[in-house]
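Participant: Next come a sequence and a model predicted from it.
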Amino acid sequence: MAVSVTLPALGESVTEGTVTRWLKAEGERVEADEPLLEVSTDKVDTEIPAPASGVLSSIKVAEDETVEVGAELALIDDGTGAPAAAEAPAAEQVAEPAPEPAAAAPSTEQAAPAPAPTPQAASGGGSAEGTDVVLPALGESVTEGTVTRWLKQVGEEVTEDEPLLEVSTDKVDTEIPAPASGTLLEIVVGEDETAEVGAKLAVIGAAGAAPAAAPAQQAPAAPAQPEPTPAPAAPAPAPQAPTAPAPQQQETPAPAPAPAAPAPAPAPAPAPAPAAQAPAAPAAAQPADDGAYVTPLVRKLAAENGVDLSTVSGTGVGGRIRKQDVIAAAEAAKAAAPAPAAAAAPAAPAAKKAPKLEASPLRGQTVKMPRIRKVIGDNMVKALHEQAQLSSVVEVDVTRLMKLRARAKDAFAAREGVKLSPMPFFVKAAAQALKAHAPINAKINEAEGTITYFDTENIGIAVDSEKGLMTPVIKNAGDLNIAGIAKATADLAGKVRASKITPDELSGATFTISNTGSRGALFDTIIVPPGQVAILGIGATVKRPAVIETEEGTVIGVRDMTYLTLSYDHRLVDGADAARYLTAVKAILEAGEFEVELGL
């Protein structure tokens with residue numbers, strides 16, 4: 001009986017998906033709930049499990065094809081998986097002819113299959129019997145990656161979850177772990193080559209294949225045996241192999257015992273593997289080696305923290321400098337800084353150094369535009385063409401707010417279990433002001449010629465992660481207090497970074513907040529997302545002199561200042577509407593009346 005595999009519902013706003021990779025081929029056996037294929041949508045990349053056990057009898061939708069939710073993708077038959085069983089005898093028949101001449105010596109029968117995998121491993125033919133290493137999904141906006149470095153070579157032993165290679169994308173540099181333990185039989189994608197998500201990168205075979213990889217270099221000795229026709233006589237002297245004079249007395253049988261003696265020798269072949277790793281230890285002791293590969297992410301992190309990579313000792317494979325090494329070096333430098341700073345406080349400003357900028361490897365190159373960049377570009381251009389967008393900016397004094405947070409953050413973290421960042425205060429103020437300014441929290445229905453004014457404040461929060469930028473949504477943010485917003489933000493951000501965010505948690509926003517100041521920008525003219533009429537940008541909070549009106553008069557003091565930018569669709573929101581909304585948010589933040597919610 002055939003069981004239909006259909007594209008399930010992948011979220012409230014997801015209507016179709018693209019098959020990016022089939023994890024099983026026609027004729028292969030699958031188990032219920034086993035990942036069967038990978039599907040990509042405009043929200044997430046996910047795996048579709050098999051609805052039942054059986055044999056994948058037919059694939060209806062090929063890779064890179066797009067279908068609607070509910071469409072039939074494949075058929076699973078509840079057969080016995082005969083094709084897979086038929087392959088086993090075939091393999092046995094290939095191995096049997098080799099032991100036929102040595103029917104009288106069982107030891108040669110066991111030695112014969114060992115050389116058989118050797119040519120397969122060398123040519124890549126052993127991939128059918130191994131575990132494929134594929135490029136995993138590295139985030140919603142990542143569709144391909146470039147292999148920057150292989151940490152293991154063909155023939156070396158690997159352990160499950162051990163770093164196998166390094167991959168660089170337009171968003172993140174990361175290590176790909178080995179999916180299984182065994183021997184690296186084949187490398188499909190070489191260094192500096194680009195592969196799409198789901199593409200096969202390498203093949204890992206059984207641990208028993210390790211000795212076979214080493215004798216592959218001795219393969220020329222094998223053809224020397226067929227030349228002397230008396231090959232059947234070779235098994236006879238096999239028992240005499242332990243005697244050293246035997247090869248000198250018998251010229252023809254000599255080649256037979258010769259491979260028999262090295263046969264045990266390849267068994268210790270895995271031993272050289274640790275020897276190959278031995279040089280890696282001294283490599284770690286040479287941090288100043290400019291020839292060592294350092295990922296762009298590590299270089300960027302080092303530049304941001306003022307860390308000189310030539311002084312950092314790498315703890316990665318082969319002495320490679322990892323992100324953790326740079327962070328540790330930066331923390332060590334900060335720990336050592338207070339002593340000299342106390343001794344010579346005036347010298348502190350002179351301690352700042354210009355970051356060491358390195359030439360981008362993309363200079364002078366013409367490369368293919370990643371799919372995600374094209375999608376983002378098309379959406380942004382479409383949004384700008386369909387909306388009359390412009391931006392308004394106000395300056396906000398958040399000194400009181402920052403002091404309030406400093407007083408409450410320790411008790412808040414102990415009571416609520418999450419850190420108190422400035423972000424929940426901005427979300428709270430934005431949501432509170434939205435209730436009084438309906439045009440900012442609305443949607444234009446162009447086809448119907450109507451306007452929908454939302455009665456709930458679903459606020460999207462941009463989260464920057466190593467796997468890409470995503471915008472999870474805090475539902476009903478207008479009904480939450482500071483603690484509720486902080487918990488929702490931490491929960492959604494954690495899911496994004498752990499790749500556990502769902503399509504429903506990424507959809508349904510009526511208004512969006514983008515913290516453009518998280519990287520030091522004073523303000524930004526952000527683009528309004530589709531389906532909304534406004535987006536709020538939060539700039540960096542910096543200390544600077546400001547004019548303060550007091551009861552005693554006008555004074556100048558050092559204050560915590562930030563810029564708020566509201567980009568909006570002028571078809572619905574007028575400049576006066578934008579100014580009124582920004583002024584309301586500014587007043588809430590500058591008043592800083594959150595003592596009750598913070599328990600102060």
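Facilitator: That came through fine. Since we're looking at a predicted model, the values are computed, not measured.

Participant: Go through stretch 420-435 and flag the buried ones.
Facilitator: Within stretch 420-435, the residues that qualify as buried are 420, 422-431, 433-434, counting by 16 or more other CB atoms under 10 Å. For every residue, glycine as well, the C-beta is placed using N, CA and C.

Participant: Tabulate those in JSON lines, adding columns for secondary structure.
Facilitator: Compiled in JSON lines, those are given as follows (DSSP: H, G, I helix; E, B strand; the rest coil):
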{"residue": "L420", "secondary structure": "coil"}
{"residue": "P422", "secondary structure": "coil"}
{"residue": "M423", "secondary structure": "helix"}
{"residue": "P424", "secondary structure": "helix"}
{"residue": "F425", "secondary structure": "helix"}
{"residue": "F426", "secondary structure": "helix"}
{"residue": "V427", "secondary structure": "helix"}
{"residue": "K428", "secondary structure": "helix"}
{"residue": "A429", "secondary structure": "helix"}
{"residue": "A430", "secondary structure": "helix"}
{"residue": "A431", "secondary structure": "helix"}
{"residue": "A433", "secondary structure": "helix"}
{"residue": "L434", "secondary structure": "helix"}
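
Participant: Just the closest of these to W150, please.
Facilitator: Using CB to CB, M423 is the member of these that sits closest to W150, with 40.6 Å.

Participant: Please name the nearest non-neighbouring residue to the closest one.
Facilitator: Taking CB to CB, 6 or more residues apart in numbering as the measure, M423 lies nearest to T489, with 6.2 Å between them; neighbours along the chain are not counted.

Participant: Closest one of the buried residues of stretch 420-435 to V496?
Facilitator: M423 (14.3 Å).

Participant: can you pull the pLDDT of that closest one?
Facilitator: The confidence metric pLDDT takes the value 93 at M423.

Participant: Same check on the one 4 residues further on?
Facilitator: At V427, the pLDDT value in this model is 96.

Participant: which residues does it contact?
Facilitator: With contacts defined as CB atoms under 8 Å, 6 or more residues apart in numbering, the neighbours of V427 are 459, 461, 474, 477, 485, 489, 513.

Participant: Could you tell me which of the residues you listed are located in helices?
Facilitator: 485, 489 (DSSP state H).

Participant: Next up, the contacts around G478.
Facilitator: For G478, the contacting residues are 431-432, 434-435, 456-457, taking CB under 8 Å, 6+ apart as the criterion.

Participant: Export these to JSON lines and append columns for pLDDT and distance to N481.
Facilitator: Listed next are these as JSON lines, based on pLDDT from 0 to 100; distance: CB to CB, whole Å:
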{"residue": "A431", "pLDDT": "96", "distance to N481": "11"}
{"residue": "Q432", "pLDDT": "95", "distance to N481": "11"}
{"residue": "L434", "pLDDT": "96", "distance to N481": "16"}
{"residue": "K435", "pLDDT": "94", "distance to N481": "15"}
{"residue": "T456", "pLDDT": "94", "distance to N481": "16"}
{"residue": "E457", "pLDDT": "95", "distance to N481": "13"}
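
Participant: Can you tell me which of the residues you listed comes closest to D504?
Facilitator: Out of the contacts of G478, the member with the shortest distance to D504 (by CB to CB) is T456, at 15.1 Å.

Participant: Would you agree that closest one is in contact with N476?
Facilitator: Yes: A contact is recorded between T456 and N476 when judged using CB atoms under 8 Å, the distance being 5.6 Å.

Participant: pLDDT weak spots in the stretch 251-400 of the chain?
Facilitator: Residue ranges of the stretch 251-400 of the chain with pLDDT under 70: 251-297, 316-318, 337-351, 371-373, 375-376.

Participant: Quick one: the strands in it, in order.
Facilitator: Ranges of strands in the stretch 251-400 of the chain, per DSSP state E, counting those that start in this stretch, are 389-397.

Participant: try the stretch 1-150 of the chain
Facilitator: Shown for the stretch 1-150 of the chain, the strands assigned by DSSP E, counting those that start in this stretch span residues 2-6, 16-22, 29-30, 35-40, 45-49, 54-59, 66-68, 72-77, 131-134, 144-150.

Participant: for the fifth one, packing partners?
Facilitator: Applying 3 or more CB pairs under 8 Å, 6 or more residues apart in numbering; DSSP states H and E, one finds that strand 45-49 makes contact with strand 35-40.

Participant: try 10 Å this time
Facilitator: Based on contacts counted as 3 or more CB pairs under 10 Å, 6 or more residues apart in numbering; DSSP states H and E, the elements that strand 45-49 packs against are strand 2-6, strand 16-22, strand 35-40.

Participant: For it, report the contacting residues that lie outside it.
Facilitator: By CB atoms under 10 Å, 6 or more residues apart in numbering, the surrounding residues in contact with strand 45-49 are 5-8, 10-11, 14, 17-21, 23, 30-40, 73-74, 136-143, 197-198, 499, 502-503.

Participant: Now list the buried members of those.
Facilitator: Using 16+ other CB under 10 Å as the burial test, the contacts of strand 45-49 include 5, 7, 10-11, 14, 17-21, 23, 30, 36-40, 73-74, 136-143, 197-198, 499, 503 as buried.

Participant: May I see the strands of the stretch 1-150 of the chain arranged in CSV, with distance to D524 as well?
Facilitator: Compiled in CSV, the strands of the stretch 1-150 of the chain are given as follows (distance: least, CB to CB, whole Å):
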stretch, distance to D524
strand 2-6, 43
strand 16-22, 32
strand 29-30, 48
strand 35-40, 29
strand 45-49, 28
strand 54-59, 46
strand 66-68, 33
strand 72-77, 42
strand 131-134, 37
strand 144-150, 28
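
Participant: and the residue lying closest to T66 once chain neighbours are set aside, how far is that from A74?
Facilitator: If you skip the residues right next to it in sequence, T66 has T18 as its closest partner in space, 4.5 Å away by CB to CB, 6+ apart. The span separating T18 from A74 equals 15 Å under the rule CB to CB, to the nearest Å.

Participant: Same check on V189?
Facilitator: 27 Å.

Participant: now swap in G494 and tell me
Facilitator: Separation of G494 from A74 (CB to CB) stands at 34 Å.

Participant: now do E65
Facilitator: Counting by CB to CB - E65 and A74 are separated by 12 Å.

Participant: tell me which of the contacts of G478 is nearest to A534?
Facilitator: The nearest member of these to A534, counting by CB to CB, is L434 at 9.1 Å.

Participant: I figured the closest one hits Y581, correct?
Facilitator: Yes: because the distance of 7.8 Å satisfies CB atoms under 10 Å, L434 is recorded as touching Y581.

Participant: joint contacts of those two?
Facilitator: Counting by CB under 10 Å, 6+ apart, the residues touching both L434 and Y581 are 440-441, 534, 536.

Participant: Can you name the two of the residues you listed that sit furthest apart?
Facilitator: Using CB to CB, the pair of the shared contacts of L434 and Y581 lying farthest apart is N441 and L536, separated by 11.1 Å.

Participant: Could you name every residue contacting both of these two?
Facilitator: 430, 433-434, 459, 511, 581.

Participant: Identify the residues contacting E68.
Facilitator: 7, 15-17.

Participant: Assign a three-state SS to I588, would you?
Facilitator: Per three-state DSSP, the secondary structure class of I588 is helix.

Participant: tell me the contacts of the nearest residue to it once chain neighbours are set aside?
Facilitator: When the adjacent residues along the chain are set aside, I588 lies closest to A429, with 4.0 Å between them (CB to CB, 6+ apart). Neighbouring residues of A429 by CB under 10 Å, 6+ apart: 396, 401, 536, 564, 584-592, 594.

Participant: ok so V547 is a helix residue?
Facilitator: No: going by three-state DSSP, the assignment for V547 is strand, not a helix.

Participant: what number of residues lie near it?
Facilitator: Residue neighbour count, defined by other CB atoms under 10 Å, stands at 9 for V547.

Participant: Could you measure from it over to V585?
Facilitator: Relative to V585, V547 is positioned 21 Å away (CB to CB).

Participant: shared neighbours, E65 and A74?
Facilitator: Listed contacts common to E65 and A74 are V19; contacts here mean CB under 10 Å, 6+ apart.

Participant: That's all I had, so thanks and see you.
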